[in-house]
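Asker: One predicted model, sequence on top.
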Amino acid sequence: MSHHSRNQLLQGIFYMCGAIFLFAGSDALSKYLAGFYAVVMVIWVRYVIHSGLMLAVLLPRSGLSIFKTRNPGLQLLRGLCMVGTNMLFISALRYIPLAEGTAIVYLTPLIVTALSGPLLGERITSLQWAAVLLGFIGVLVILRPGGALFTPVSLLAVGAAFTFSLYQLITRKLNATDSSATTNLLSGLIGSAVLGGIAPFFWQSPSAYHSVLLLGLGISALLSHLLMTEAYHHANPSTLAPFTYGQLIFAGLIGYVVFGHMPDIYGFSGIAIICASGMLVLWHKPKQTVA
């Protein structure tokens, strides 16, 4: 590897680590604010700030062409999946710890693998099916039937993993026709519009301190996506994918510092199992057989 290539790779890893730290931080902020305000309100404000900042950056550069899409139906579905994911996940985080909740959502690569056969025509190997099964075992270890986390609320996080999986599969389809800037902007605007219809019924005027936190939530959401996009400009996705699991580490650290929670031995074991199963999927990608 040349010196230039090594620098490109290191920059990509640096940007990815920054992105996943901000993702974990955004989730922590959302969890904290959801303890004072309705989840609908918190997510809506996040979308409005995120989308408003994106418009301020993209409109002067691209003009109205930034709104052009070849797949409006898929864009709408992606935006709805994003709303569903955030609503389910943040609702779950009101009751379950940040690290364990994040780990459950990391079932997403496994669910994507399982669904990519029927939806994308990709061949799934027996080893990959074993990884999917292993990942669900990891979730059971975290939740452990009969344990404190084994409640109906935990199903919200599992539901978030499923909607996020659909979100990622739709994103794969859209990447072939629309720019990532258009896709991310439209999803944010769709989320803002959908939740904007019901947010006024849940509105509570935030304190000055919480207003700053809500603003920070929107800014961190935008910066995390920008950093992730920049990371993929410097290194390929397969190289960066393992580093995304660092979000589980950041979630654990932030959860301990902010909320005073440290996963127990079952939590650590389940998180490790989910990470191992996800890595197995990443290293044995399916081959596409149908266009």
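Answerer: Everything's here; your move.
Asker: Quick one: list the elements packing against the longest helix belonging to the chain.
Answerer: Ranked by residue count, the top helix of the chain under DSSP state H comes out as helix 3-33. Applying 3 or more Cβ pairs under 8 Å, 6 or more residues apart in numbering; DSSP states H and E, we find helix 3-33 packed against helix 39-62, helix 72-93, helix 98-105, helix 208-234, helix 237-240, helix 246-259. The way it works is simple: take the backbone N, C-alpha and C, and place the C-beta from them, glycine included.
Asker: could those be laid out in a markdown table, adding mean pLDDT and distance to Arg172?
Answerer: Converted to a markdown table, the helices and strands packed on helix 3-33 look like this (pLDDT from 0 to 100; distance: least, Cβ to Cβ, whole Å):
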| stretch | mean pLDDT | distance to Arg172 |
| --- | --- | --- |
| helix 39-62 | 92 | 21 |
| helix 72-93 | 94 | 10 |
| helix 98-105 | 89 | 18 |
| helix 208-234 | 89 | 14 |
| helix 237-240 | 71 | 11 |
| helix 246-259 | 91 | 20 |
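Asker: Please identify which of those is closest to Thr113.
Answerer: helix 237-240 (14.3 Å; Cβ to Cβ).
Asker: thinking again about what came up before, among the helices and strands packed on helix 3-33, show me which one is buried the most.
Answerer: helix 98-105 (a mean of 27; mean count of other Cβ atoms under 10 Å).
Asker: Got phi/psi on Pro206?
Answerer: phi -80, psi 150 (degrees, to the nearest 10).
Asker: Just want the angle from the helix or strand hosting Val139 to helix 98-105.
Answerer: Following DSSP states H and E, the helix or strand that holds Val139 is helix 126-143. Counting by axes from the mean of the first three to the mean of the last three Cα atoms, to 10 degrees, helix 126-143 points 150 degrees away from the direction of helix 98-105.
Asker: as a whole number, average confidence for helix 126-143?
Answerer: For helix 126-143, mean pLDDT rounds to 83.
Asker: for it, packing partners?
Answerer: helix 98-105, helix 108-120, helix 265-283.
Asker: Least reliable of those helices by average pLDDT, please.
Answerer: Looking at the helices and strands packed on helix 126-143, the lowest mean pLDDT belongs to helix 108-120 (a mean of 77).
Asker: Would you indicate which residues of that helix are buried?
Answerer: Thr108, Pro109, Leu110, Ile111, Val112, Thr113, Ala114, Leu115, Ser116, Gly117, Leu120 (16 or more other Cβ atoms under 10 Å).
Asker: Export those to TSV and append columns for distance to Cys17.
Answerer: TSV is the format used below for the buried residues of helix 108-120 (distance: Cβ to Cβ, whole Å):
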residue	distance to Cys17
Thr108	19
Pro109	18
Leu110	23
Ile111	25
Val112	22
Thr113	24
Ala114	28
Leu115	28
Ser116	27
Gly117	32
Leu120	29
